[in-house]
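1. Here is my input, please return the structure:
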Amino acid sequence: MAEVYIVDAVRTPVGRKKGAFANIHSADLGAHPIKALMSRTGIDPAAVDDVIYGCTDTIGSQAGDIARTCWLVAGMPDHVPGVTVDRQCGSAQQAVHFAAQAVMSGTQDLVVAGGVQNMNMVPMAAAMIVGQAYGFPDPFRTSPGWLERYGNQEVSQFRSAEMIAEKWDCSREEMEAFALASHQRALAAQDKGFFGNEIVPLNGLSTDETPRRDTSLEKMATLKTLMEGGRVHAGVASQNSDCSSALLIASDRAVKDHGLKPRARIHHMTVWGDDPVWMLTAPIRATRHALAKTGLSVADIDLFECNEAFASVVLAWMKDLDIPHDKVNVNGGAIALGHPLGATGARIMTTMLNELERRNGRYALQTMCEGGGQANVTIIERL
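-> Modelled structure (predicted):
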(Lines give C-alpha, C1' and ligand atoms only; values in the text may rest on other atoms or scores of the structure.)
Protein backbone atom coordinates (compact mmCIF):
# COMPACT_ATOMS: atom_id res chain seq x y z
CA MET A 1 0.00 0.00 0.00
CA ALA A 2 1.25 3.50 -0.86
CA GLU A 3 2.82 5.50 1.96
CA VAL A 4 1.23 8.76 3.10
CA TYR A 5 3.23 11.45 4.84
CA ILE A 6 2.55 14.53 6.93
CA VAL A 7 5.11 17.06 5.73
CA ASP A 8 4.12 19.84 8.10
CA ALA A 9 1.21 21.10 10.20
CA VAL A 10 0.38 24.59 11.44
CA ARG A 11 -2.50 26.34 13.13
CA THR A 12 -3.70 29.70 14.32
CA PRO A 13 -4.04 30.30 18.03
CA VAL A 14 -7.48 29.46 19.40
CA GLY A 15 -9.63 32.53 19.93
CA ARG A 16 -12.14 32.57 22.77
CA LYS A 17 -15.75 33.71 22.74
CA LYS A 18 -15.79 37.46 21.91
CA GLY A 19 -12.03 37.21 21.54
CA ALA A 20 -9.36 38.23 19.05
CA PHE A 21 -10.91 36.45 16.05
CA ALA A 22 -14.56 37.33 16.67
CA ASN A 23 -14.70 39.72 13.70
CA ILE A 24 -12.32 37.96 11.31
CA HIS A 25 -14.04 36.59 8.21
CA SER A 26 -13.90 32.80 8.20
CA ALA A 27 -12.11 32.75 4.85
CA ASP A 28 -9.35 35.01 6.16
CA LEU A 29 -9.07 32.89 9.29
CA GLY A 30 -8.78 29.73 7.19
CA ALA A 31 -6.35 31.28 4.71
CA HIS A 32 -3.79 32.14 7.38
CA PRO A 33 -2.36 28.64 8.04
CA ILE A 34 -2.40 27.89 4.30
CA LYS A 35 -0.03 30.79 3.66
CA ALA A 36 2.17 29.70 6.55
CA LEU A 37 2.19 26.08 5.37
CA MET A 38 3.31 27.05 1.86
CA SER A 39 6.02 29.29 3.28
CA ARG A 40 7.33 26.78 5.83
CA THR A 41 7.51 23.84 3.43
CA GLY A 42 8.79 25.86 0.48
CA ILE A 43 6.43 23.95 -1.79
CA ASP A 44 5.24 25.57 -5.00
CA PRO A 45 1.49 26.13 -4.40
CA ALA A 46 0.86 25.33 -8.06
CA ALA A 47 1.88 21.73 -7.34
CA VAL A 48 -0.94 21.20 -4.84
CA ASP A 49 -3.64 18.90 -6.22
CA ASP A 50 -6.52 19.77 -3.88
CA VAL A 51 -7.52 21.57 -0.70
CA ILE A 52 -9.80 19.70 1.70
CA TYR A 53 -11.12 21.62 4.71
CA GLY A 54 -13.52 20.65 7.43
CA CYS A 55 -16.26 23.06 8.48
CA THR A 56 -19.72 22.81 9.98
CA ASP A 57 -22.61 25.28 9.84
CA THR A 58 -21.58 26.34 6.38
CA ILE A 59 -23.68 29.49 6.12
CA GLY A 60 -22.72 33.15 5.96
CA SER A 61 -18.94 33.56 5.99
CA GLN A 62 -18.57 29.78 5.87
CA ALA A 63 -20.86 29.14 2.90
CA GLY A 64 -19.93 28.63 -0.73
CA ASP A 65 -17.26 25.92 -0.26
CA ILE A 66 -15.08 27.58 2.37
CA ALA A 67 -12.09 25.35 1.50
CA ARG A 68 -11.92 26.83 -1.98
CA THR A 69 -12.47 30.36 -0.68
CA CYS A 70 -9.70 30.05 1.92
CA TRP A 71 -7.21 28.97 -0.73
CA LEU A 72 -8.11 31.89 -2.97
CA VAL A 73 -8.06 34.40 -0.12
CA ALA A 74 -4.58 33.10 0.72
CA GLY A 75 -3.53 34.33 -2.73
CA MET A 76 -2.87 30.87 -4.12
CA PRO A 77 -3.22 29.73 -7.77
CA ASP A 78 -6.82 29.56 -8.90
CA HIS A 79 -6.37 26.29 -10.81
CA VAL A 80 -6.14 24.40 -7.49
CA PRO A 81 -9.61 23.28 -6.38
CA GLY A 82 -11.03 22.92 -2.89
CA VAL A 83 -13.76 20.93 -1.19
CA THR A 84 -15.45 21.28 2.19
CA VAL A 85 -16.15 18.27 4.44
CA ASP A 86 -18.80 18.02 7.14
CA ARG A 87 -18.46 15.05 9.44
CA GLN A 88 -19.58 17.25 12.30
CA CYS A 89 -16.90 17.61 15.00
CA GLY A 90 -14.62 15.23 13.09
CA SER A 91 -14.69 17.26 9.88
CA ALA A 92 -11.02 18.30 9.83
CA GLN A 93 -9.83 14.86 10.86
CA GLN A 94 -11.91 13.43 8.03
CA ALA A 95 -10.34 16.00 5.70
CA VAL A 96 -6.95 14.51 6.56
CA HIS A 97 -8.35 11.02 5.93
CA PHE A 98 -9.70 12.00 2.52
CA ALA A 99 -6.38 13.64 1.62
CA ALA A 100 -4.48 10.53 2.69
CA GLN A 101 -6.84 8.27 0.76
CA ALA A 102 -6.38 10.38 -2.38
CA VAL A 103 -2.63 9.92 -2.05
CA MET A 104 -2.99 6.20 -1.33
CA SER A 105 -5.11 5.79 -4.47
CA GLY A 106 -2.38 7.34 -6.59
CA THR A 107 -4.70 9.99 -7.99
CA GLN A 108 -3.08 12.87 -6.08
CA ASP A 109 0.36 13.60 -4.63
CA LEU A 110 0.07 16.81 -2.63
CA VAL A 111 -3.04 17.81 -0.70
CA VAL A 112 -3.65 20.55 1.84
CA ALA A 113 -6.00 19.23 4.53
CA GLY A 114 -7.37 21.02 7.57
CA GLY A 115 -10.33 22.96 8.82
CA VAL A 116 -11.73 26.31 9.84
CA GLN A 117 -14.46 27.46 12.18
CA ASN A 118 -15.41 30.89 13.47
CA MET A 119 -18.01 30.21 16.14
CA ASN A 120 -18.24 33.86 17.09
CA MET A 121 -19.29 34.76 13.58
CA VAL A 122 -21.43 31.65 12.92
CA PRO A 123 -22.66 30.13 16.20
CA MET A 124 -22.94 26.39 16.78
CA ALA A 125 -26.09 24.86 15.24
CA ALA A 126 -26.68 27.98 13.13
CA ALA A 127 -27.61 25.85 10.12
CA MET A 128 -30.20 23.96 12.15
CA ILE A 129 -31.63 27.21 13.51
CA VAL A 130 -31.91 28.65 10.01
CA GLY A 131 -33.74 25.49 8.97
CA GLN A 132 -36.54 26.27 11.39
CA ALA A 133 -37.71 29.02 9.06
CA TYR A 134 -38.31 26.30 6.46
CA GLY A 135 -40.38 24.13 8.77
CA PHE A 136 -37.66 21.87 10.20
CA PRO A 137 -37.40 22.06 14.00
CA ASP A 138 -34.31 19.85 13.75
CA PRO A 139 -32.81 17.56 11.07
CA PHE A 140 -34.45 14.42 12.44
CA ARG A 141 -37.96 14.46 13.79
CA THR A 142 -39.81 15.46 10.62
CA SER A 143 -38.52 12.29 8.94
CA PRO A 144 -41.02 9.39 9.11
CA GLY A 145 -38.13 6.98 8.69
CA TRP A 146 -36.25 8.48 11.62
CA LEU A 147 -39.34 8.39 13.83
CA GLU A 148 -39.99 4.78 12.93
CA ARG A 149 -36.46 3.78 13.91
CA TYR A 150 -35.61 6.08 16.84
CA GLY A 151 -38.89 7.62 17.94
CA ASN A 152 -39.42 11.22 18.99
CA GLN A 153 -36.82 11.27 21.75
CA GLU A 154 -34.42 14.18 22.22
CA VAL A 155 -31.24 13.97 20.16
CA SER A 156 -28.61 16.29 21.61
CA GLN A 157 -25.01 16.23 22.68
CA PHE A 158 -26.02 17.49 26.13
CA ARG A 159 -28.33 14.56 26.75
CA SER A 160 -25.69 12.18 25.43
CA ALA A 161 -23.00 13.59 27.72
CA GLU A 162 -25.34 13.17 30.67
CA MET A 163 -26.27 9.59 29.73
CA ILE A 164 -22.60 8.70 29.36
CA ALA A 165 -21.76 10.18 32.76
CA GLU A 166 -24.47 8.03 34.31
CA LYS A 167 -23.66 4.79 32.48
CA TRP A 168 -19.90 4.96 33.08
CA ASP A 169 -20.33 6.33 36.60
CA CYS A 170 -18.53 9.62 35.97
CA SER A 171 -19.35 11.74 38.99
CA ARG A 172 -19.56 15.50 38.85
CA GLU A 173 -16.47 15.70 41.05
CA GLU A 174 -14.50 13.34 38.77
CA MET A 175 -15.42 15.37 35.69
CA GLU A 176 -14.47 18.62 37.40
CA ALA A 177 -11.08 17.21 38.38
CA PHE A 178 -10.58 16.14 34.76
CA ALA A 179 -11.55 19.61 33.52
CA LEU A 180 -9.18 21.31 35.94
CA ALA A 181 -6.35 19.04 34.75
CA SER A 182 -7.11 20.06 31.15
CA HIS A 183 -6.61 23.73 32.00
CA GLN A 184 -3.51 23.04 34.08
CA ARG A 185 -1.92 20.95 31.33
CA ALA A 186 -2.70 23.53 28.65
CA LEU A 187 -1.31 26.36 30.74
CA ALA A 188 1.85 24.38 31.55
CA ALA A 189 2.38 23.63 27.85
CA GLN A 190 1.75 27.26 26.99
CA ASP A 191 4.16 28.53 29.63
CA LYS A 192 6.87 26.11 28.47
CA GLY A 193 6.48 27.22 24.84
CA PHE A 194 5.31 23.80 23.66
CA PHE A 195 2.84 25.33 21.18
CA GLY A 196 5.39 27.69 19.63
CA ASN A 197 6.29 25.54 16.63
CA GLU A 198 2.69 24.93 15.62
CA ILE A 199 1.11 28.38 16.04
CA VAL A 200 1.24 31.14 13.42
CA PRO A 201 0.20 34.41 15.11
CA LEU A 202 -2.80 36.27 13.75
CA ASN A 203 -4.45 39.60 14.54
CA GLY A 204 -2.00 40.30 17.36
CA LEU A 205 -2.66 36.94 19.02
CA SER A 206 0.23 34.50 19.38
CA THR A 207 -1.08 32.16 22.10
CA ASP A 208 -4.38 30.42 22.77
CA GLU A 209 -6.88 32.64 24.56
CA THR A 210 -8.96 29.87 26.05
CA PRO A 211 -7.08 28.24 28.99
CA ARG A 212 -8.26 29.71 32.30
CA ARG A 213 -5.70 30.47 34.97
CA ASP A 214 -8.34 31.41 37.50
CA THR A 215 -10.41 28.23 37.32
CA SER A 216 -10.63 25.94 40.34
CA LEU A 217 -12.63 23.06 41.74
CA GLU A 218 -14.32 25.51 44.07
CA LYS A 219 -15.50 27.68 41.17
CA MET A 220 -16.70 24.72 39.14
CA ALA A 221 -18.67 23.42 42.10
CA THR A 222 -20.86 26.54 41.92
CA LEU A 223 -21.85 26.07 38.25
CA LYS A 224 -25.40 25.09 37.39
CA THR A 225 -25.85 21.79 35.59
CA LEU A 226 -27.25 21.78 32.04
CA MET A 227 -30.09 19.50 33.09
CA GLU A 228 -32.07 19.54 36.33
CA GLY A 229 -30.54 17.00 38.67
CA GLY A 230 -27.72 16.24 36.21
CA ARG A 231 -23.94 16.17 36.49
CA VAL A 232 -22.74 17.97 33.34
CA HIS A 233 -22.21 21.74 33.29
CA ALA A 234 -20.33 24.29 31.17
CA GLY A 235 -17.14 23.87 33.16
CA VAL A 236 -16.76 20.23 32.10
CA ALA A 237 -17.62 20.90 28.44
CA SER A 238 -15.61 22.19 25.49
CA GLN A 239 -15.46 25.91 24.79
CA ASN A 240 -16.93 27.62 21.73
CA SER A 241 -13.96 29.11 19.89
CA ASP A 242 -12.37 30.17 16.61
CA CYS A 243 -9.40 28.52 14.89
CA SER A 244 -8.02 27.11 11.67
CA SER A 245 -5.32 24.59 10.95
CA ALA A 246 -3.70 23.08 7.88
CA LEU A 247 -1.49 20.08 7.10
CA LEU A 248 0.43 19.20 3.94
CA ILE A 249 -0.21 15.55 3.02
CA ALA A 250 2.19 14.04 0.49
CA SER A 251 2.93 10.87 -1.44
CA ASP A 252 6.33 9.20 -1.55
CA ARG A 253 6.76 10.52 -5.08
CA ALA A 254 5.98 14.10 -4.05
CA VAL A 255 8.44 13.87 -1.16
CA LYS A 256 11.19 12.83 -3.57
CA ASP A 257 10.25 15.17 -6.43
CA HIS A 258 10.01 18.27 -4.23
CA GLY A 259 12.80 17.47 -1.80
CA LEU A 260 10.46 17.44 1.19
CA LYS A 261 11.26 16.13 4.66
CA PRO A 262 8.14 14.55 6.15
CA ARG A 263 7.57 14.61 9.90
CA ALA A 264 5.27 11.61 10.22
CA ARG A 265 3.62 8.76 8.38
CA ILE A 266 -0.10 8.05 8.56
CA HIS A 267 -0.15 4.50 9.87
CA HIS A 268 -3.89 3.84 10.10
CA MET A 269 -7.30 5.45 9.57
CA THR A 270 -10.66 4.30 10.90
CA VAL A 271 -14.14 5.76 10.85
CA TRP A 272 -16.81 3.97 12.83
CA GLY A 273 -20.39 4.46 13.96
CA ASP A 274 -22.50 3.89 17.06
CA ASP A 275 -26.01 4.72 18.29
CA PRO A 276 -26.88 8.26 17.04
CA VAL A 277 -29.01 9.02 20.08
CA TRP A 278 -26.13 8.22 22.41
CA MET A 279 -24.14 10.17 19.81
CA LEU A 280 -20.80 10.57 21.65
CA THR A 281 -19.84 6.96 22.41
CA ALA A 282 -18.35 5.98 19.03
CA PRO A 283 -14.69 6.71 19.99
CA ILE A 284 -14.79 3.58 22.15
CA ARG A 285 -15.80 1.25 19.32
CA ALA A 286 -13.64 3.08 16.77
CA THR A 287 -10.50 2.91 18.93
CA ARG A 288 -11.06 -0.76 19.72
CA HIS A 289 -11.45 -1.46 15.97
CA ALA A 290 -8.30 0.53 15.06
CA LEU A 291 -6.17 -1.28 17.63
CA ALA A 292 -7.46 -4.67 16.50
CA LYS A 293 -6.94 -3.82 12.84
CA THR A 294 -3.34 -2.70 13.37
CA GLY A 295 -2.40 -5.27 15.99
CA LEU A 296 -1.29 -2.48 18.30
CA SER A 297 -2.08 -2.36 22.00
CA VAL A 298 -2.68 0.58 24.32
CA ALA A 299 0.88 0.06 25.56
CA ASP A 300 2.23 0.52 22.02
CA ILE A 301 0.72 3.99 21.70
CA ASP A 302 2.90 6.76 23.14
CA LEU A 303 0.26 9.49 23.04
CA PHE A 304 -3.51 9.60 22.81
CA GLU A 305 -5.77 12.51 21.92
CA CYS A 306 -9.48 12.12 22.57
CA ASN A 307 -11.44 15.29 21.97
CA GLU A 308 -12.87 16.78 25.14
CA ALA A 309 -16.33 17.59 23.86
CA PHE A 310 -17.36 16.75 27.43
CA ALA A 311 -15.32 15.32 30.27
CA SER A 312 -17.65 12.32 30.46
CA VAL A 313 -16.84 11.32 26.86
CA VAL A 314 -13.10 11.03 27.50
CA LEU A 315 -13.48 9.50 30.96
CA ALA A 316 -15.80 6.78 29.62
CA TRP A 317 -13.41 6.09 26.73
CA MET A 318 -10.43 5.80 29.11
CA LYS A 319 -12.35 3.55 31.50
CA ASP A 320 -13.70 1.25 28.80
CA LEU A 321 -10.33 0.81 27.06
CA ASP A 322 -8.12 1.03 30.15
CA ILE A 323 -6.12 3.96 28.81
CA PRO A 324 -4.09 5.86 31.44
CA HIS A 325 -4.78 9.56 31.81
CA ASP A 326 -1.05 10.37 31.78
CA LYS A 327 -0.97 9.45 28.07
CA VAL A 328 -4.16 11.30 27.12
CA ASN A 329 -4.44 14.98 26.11
CA VAL A 330 -1.15 15.71 27.82
CA ASN A 331 -1.18 19.38 26.78
CA GLY A 332 -4.84 19.90 27.58
CA GLY A 333 -7.89 19.37 25.44
CA ALA A 334 -10.99 21.15 24.22
CA ILE A 335 -12.18 22.00 27.74
CA ALA A 336 -9.13 24.27 28.00
CA LEU A 337 -8.13 24.83 24.37
CA GLY A 338 -11.57 25.12 22.83
CA HIS A 339 -13.47 23.12 20.25
CA PRO A 340 -13.81 25.07 16.99
CA LEU A 341 -15.95 22.25 15.53
CA GLY A 342 -14.84 21.86 11.90
CA ALA A 343 -11.22 22.79 12.68
CA THR A 344 -10.64 20.75 15.83
CA GLY A 345 -9.48 17.55 14.14
CA ALA A 346 -6.61 19.33 12.40
CA ARG A 347 -5.77 21.43 15.47
CA ILE A 348 -5.49 18.29 17.58
CA MET A 349 -3.37 16.49 14.99
CA THR A 350 -1.01 19.45 14.75
CA THR A 351 -0.57 19.54 18.53
CA MET A 352 -0.25 15.74 18.74
CA LEU A 353 2.45 15.66 16.06
CA ASN A 354 4.56 18.26 17.87
CA GLU A 355 4.25 16.48 21.22
CA LEU A 356 5.11 13.10 19.67
CA GLU A 357 8.30 14.63 18.31
CA ARG A 358 9.12 16.33 21.61
CA ARG A 359 8.84 12.97 23.42
CA ASN A 360 10.64 11.01 20.70
CA GLY A 361 7.68 8.67 20.66
CA ARG A 362 6.70 6.39 17.80
CA TYR A 363 2.90 6.15 17.64
CA ALA A 364 0.13 8.59 18.51
CA LEU A 365 -3.61 7.94 18.24
CA GLN A 366 -6.30 10.56 17.79
CA THR A 367 -10.05 10.11 18.06
CA MET A 368 -13.13 12.25 18.56
CA CYS A 369 -16.87 11.92 18.96
CA GLU A 370 -19.03 13.30 16.17
CA GLY A 371 -22.66 14.11 15.49
CA GLY A 372 -24.70 11.18 14.24
CA GLY A 373 -22.89 8.77 16.56
CA GLN A 374 -19.60 8.60 14.66
CA ALA A 375 -15.86 8.70 15.37
CA ASN A 376 -12.64 8.93 13.42
CA VAL A 377 -9.37 7.36 14.55
CA THR A 378 -6.01 8.29 13.08
CA ILE A 379 -2.73 6.67 14.11
CA ILE A 380 0.43 8.47 13.04
CA GLU A 381 4.05 7.29 13.25
CA ARG A 382 6.87 9.74 13.84
CA LEU A 383 9.70 9.63 11.32
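2. Where do the helices of the chain begin and end?
-> With DSSP state H as the criterion, the chain has helices at 26-41, 66-73, 91-105, 126-131, 144-150, 157-167, 172-191, 217-220, 252-257, 282-294, 311-321, 334-337, 344-358.
3. What degree of burial does the residue nearest to D252 when sequence neighbours are not counted show, as a neighbour count?
-> If the residues on either side of it in the chain are set aside, D252 comes closest to E3, at 4.9 Å by Cβ to Cβ, 6 or more residues apart in numbering. No exception for glycine: its C-beta is placed from N, CA and C like everyone else's. E3 is flanked by 16 other residues according to other Cβ atoms under 10 Å.
4. Please tell me the pLDDT value assigned to E3.
-> As predicted, E3 sits at a pLDDT of 95.
5. among the helices of the chain, which is nearest V14?
-> Distance to V14, taken as Cβ to Cβ, is lowest for helix 334-337 among these, at 5.5 Å.
6. Other residues contacting that closest one?
-> Under the contact criterion Cβ atoms under 8 Å, 6 or more residues apart in numbering, helix 334-337 has outside partners 14, 178-179, 182-183, 185-187, 208, 210-212, 235-239, 241, 307-309, 311, 344, 347, 351.
7. and the gap between the nearest residue to L187 once chain neighbours are set aside and S312?
-> Spatial nearest neighbour of L187, excluding adjacent residues (Cβ to Cβ, 6+ apart): P211 at 4.9 Å. For P211, the distance to S312 (Cβ to Cβ, to the nearest Å) stands at 21 Å.
8. Contacts only, for A254.
-> A47, D109, L110, L260.
9. Please flag which of those residues sit within strands.
-> Among the contacts of A254, the residues falling in strands (DSSP state E) are L110.
10. Now the buried members of the contacts of A254.
-> Buried by 16 or more other Cβ atoms under 10 Å: D109, L110, L260, out of the contacts of A254.
11. Output the contacts of A254 as a markdown table; include the columns pLDDT and distance to C70.
-> As requested, these are exported to a markdown table (pLDDT from 0 to 100; distance: Cβ to Cβ, whole Å):
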| residue | pLDDT | distance to C70 |
| --- | --- | --- |
| A47 | 98 | 18 |
| D109 | 98 | 21 |
| L110 | 98 | 17 |
| L260 | 98 | 22 |
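12. if we take the contacts of A254, which one ends up nearest to T378?
-> L110 (18.9 Å).
13. partners of the closest one in the sheet?
-> In this entry, L110 is beta-bridged to A250, by DSSP bridges.
14. you'd agree it is up against V48?
-> Yes: checked against Cβ atoms under 8 Å, the pair L110 and V48 is within contact range at 5.0 Å.
15. pLDDT wise, what is R141 at?
-> We have a pLDDT of 89 for R141.
16. ok, the closest residue to it other than its chain neighbours - how many residues close by?
-> Distances taken as Cβ to Cβ, 6+ apart put N152 closest to R141, at 5.9 Å, once the chain neighbours are dropped. Neighbour count for N152, taken as other Cβ under 10 Å: 9.
17. what does the one 10 residues further on give?
-> E162 has 21 neighbours, counted by other Cβ under 10 Å.
18. Please look at it and H233 and confirm they touch.
-> No: applying Cβ under 8 Å, one finds E162 not in contact with H233, separated by 10.3 Å.
19. Now for the two: what residues contact both?
-> L226.
20. so who does T351 touch?
-> By Cβ under 8 Å, 6+ apart, the neighbours of T351 are R11, F195, E198, E305, N331, L337.
21. quick one: pLDDT of the residue lying closest to the first one once chain neighbours are set aside?
-> Using Cβ to Cβ, 6+ apart and skipping the chain neighbours, the partner closest in space to R11 is S245 (3.6 Å). With respect to pLDDT, S245 scores 98.
22. can you redo the buried ones among the contacts of A254 as JSON lines with distance to D86?
-> Shown next, in JSON lines, are the buried ones among the contacts of A254 (distance: Cβ to Cβ, whole Å):
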{"residue": "D109", "distance to D86": "25"}
{"residue": "L110", "distance to D86": "23"}
{"residue": "L260", "distance to D86": "30"}
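23. Number of residues surrounding F98?
-> 19.
24. ok, the nearest residue to it once chain neighbours are set aside - contacts?
-> Nearest in space to F98, with sequence neighbours left out and distances taken as Cβ to Cβ, 6+ apart, is I52 at 5.2 Å. Contacts of I52 were listed using Cβ under 8 Å, 6+ apart, and they are 67, 82-85, 95-96, 98-99, 111-114.
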